[in-house]
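# Got a predicted structure plus its sequence, pasted below:
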Amino acid sequence: MNRCFAVVGNPGGRRVTLFAEAVRAAGLPAPRVVPWLDVLRAGGAEFGDEEIVRVDSPGEDTEVDLLLRGMPDPTRVEGTARWYRRFTAALGTLRGGIRLDGTEDVAVMFDKRRCHAVLAAAGVPVPESPTSGAAGAPVRGWDDVRALMREHRMPRLFVKPAHGSSASGVLAVDSAGGGRIRATTSVELDPGGRLFNSLKVRRYQRERDIAAIVDALAPDGLHLERWVPKASQDGRAADLRVVVVDGRATHAVVRTSVGPLTNLHLGGRRGDLSGARQAAESAGLRWPEVLGICERAAGCFPDTLCVGVDLLPAVGWRRAFVGEVNAFGDLLPRLTGLPGGGAEGLDTYAAQVAAALRRAPLTGRPGPHHPHRTGTTHVSV
C-alpha cells in the first residue's frame, strides 16, 4: 500500500521545510504542501484516503496572521482570542486523509486554561493555577490578578495569554519589598498603550506599566500559574523541552537563562542534558520518571502523533512540573534522539515520519473521532 504525505502549513516555513526533508530522506516523494492561506481563503481543504496529513503552525506568514488575528502589524501581541477562534475553525474544515494532529487535541493545547485542567485531571504534576478549567476565576484585568495573588498567596506568578505561544505576552510577575511589583517579559509597551512582541526581554518596575499591559491582554483571555522556582545549571535557571512521538519521549533539550524566560529565541541557551540527568538522579528523581511525566502529559492528547512538553524541574531537581504542552513543539534543529528512546540518530522530523509510516498501515481508513488511533497497539519508532 503506497503512502504519501501532505502538510498544511506555510510554504518555506522552517517546520514545513524540515519535515519535507525528512520525508524525502525516507525515500518517499516530497509531501504535498497545502498553504494555510489557501485553506483560509477557500474555506477548507480535502485530502485523499491514502494521504498522511500533518498540520503545522500557521504563525510564520504575515498574510495568514493578518487573516487570523486581524492585526495589521504582525509584531503586535493583541488579537490572540480572534486568532484562536479562526484557527480552530479552520482546523475543522480539513477533510479526509490520515491525520497526525487531532483537531480537538490542538484546540485544547492552544487554550492554556483547558490544557492545564486536562493535565491536572490526569494526575500530571502542574503548577497551581486559579484560572484552570471552565470553573477557573475570570481575569478581566490587573485588579483581578492582584486579588488572585492575595487570595491564593501567590507573590510570584506567571501571567500568560490563554492562546499565546513562544512566550509572546507572557509576564513573570513577582512582589518586591514594600509591596512593589516587578515583571519580566518580552512585551514592549509603547507610549500609545500598544503592545509589541520583542526579542528583547525587559523588566518593568512600575506597577502602572504592568497594569497597562495586563489590562490590554485581558480581553483575549489570561491564564495564571504559580511561579515554580526552577532548578539551576551553571548558575542559570533551567528547564527542558521534551518531544514525545507516538507515546515515547524521543528528544530532549535543556534550556537555560539568566532570567525566568528560557525560550531559546529570547536569548536562552541550550544546556547540558547529561548534567541535568545526573543532577536529577542525584536528587532521587529517576530519569525514566522524568521522561515518564512527559509521556503522561502527551497521553492526554491521544489523537496527536507528536507534542513538545515544557518540563519545569524545581529547585534541587527533586520534583518536576509540566508547564505547557505544545502542538508544534518539535522545532529543535540538529538534535537527535535520546539513547533508548527508539529514535537514535533521527531528528524530530525523521522520528515522526518513521512513526507515521509504521502507524499508517495499521490504521486503514480514518474514523470520525480517532483519525489515526490503532486501538491499544503501540508502535515504536
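Perfect, thanks for sending it. Numbers count the residues shown, from 1 in each chain.
# How about the spatially closest residue to Asp56 that is not a sequence neighbour: which residues does it bridge to?
Excluding the flanking residues, the one nearest Asp56 by Cβ to Cβ, 6 or more residues apart in numbering is Gly9, at 3.3 Å. Every residue, glycine included, has its C-beta placed from N, CA and C. Gly9 has the following beta-bridge partners by DSSP bridges: Pro35.
# For Gly9, the count of nearby residues, please.
28 (other Cβ atoms under 10 Å).
# I'd guessed it sits against Val33; true?
Yes - judged on Cβ atoms under 8 Å, Gly9 makes contact with Val33 at a distance of 6.4 Å.
# shared neighbours, these two?
Val16 (Cβ atoms under 8 Å, 6 or more residues apart in numbering).
# which one's the longest helix in this protein?
Longest helix of the chain, by residue count under DSSP state H: helix 348-363.
# quick one: average confidence on that helix?
For helix 348-363, mean pLDDT is 86.
# Same question for it: list its buried residues.
The neighbour-count check on helix 348-363 (16 or more other Cβ atoms under 10 Å) flags 348-357, 359-360, 363 as buried.
# Let me have those in CSV, adding distance to Val159 as columns.
Listed next are the buried residues of helix 348-363 as CSV, based on distance: Cβ to Cβ, whole Å:
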residue, distance to Val159
Thr348, 30
Tyr349, 33
Ala350, 37
Ala351, 34
Gln352, 33
Val353, 38
Ala354, 39
Ala355, 36
Ala356, 37
Leu357, 42
Arg359, 39
Ala360, 41
Thr363, 41
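# any idea how far His251 is from the most centrally placed residue in the chain?
Centroid check for the chain by Cα atoms, centre = their mean gives Asn326 as the closest residue, at 2.2 Å. The spacing between Asn326 and His251, counted by Cβ to Cβ, to the nearest Å, is 13 Å.
# Need the overlap of contacts for these two.
Residues touching both Asn326 and His251 by Cβ under 8 Å, 6+ apart: none at all.
# coming back round to it: and the longest helix of the chain, how far out from the chain middle?
How far helix 348-363 lies from its chain's middle: 21 Å, per Cα atoms, centre = their mean, to the nearest Å.
# So which elements touch that helix?
helix 14-25, strand 45-55, strand 236-245, strand 248-257, strand 306-313 (3 or more Cβ pairs under 8 Å, 6 or more residues apart in numbering; DSSP states H and E).
# Using CSV, lay out the ones you listed together with distance to Leu67, mean pLDDT and mean neighbour count.
Converted to CSV, the helices and strands packed on helix 348-363 look like this (distance: least, Cβ to Cβ, whole Å; pLDDT from 0 to 100; neighbours: other Cβ atoms under 10 Å):
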stretch, distance to Leu67, mean pLDDT, mean neighbour count
helix 14-25, 18, 97, 18
strand 45-55, 15, 95, 19
strand 236-245, 29, 97, 25
strand 248-257, 32, 97, 23
strand 306-313, 25, 98, 24
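# which element is Pro72 on?
Element membership of Pro72, judged by DSSP states H and E, is empty: it is in no helix or strand.
# before we move on, the earlier item: indicate which one of the helices and strands packed on helix 348-363 is closest to Thr88.
strand 45-55 (11.5 Å; Cβ to Cβ).
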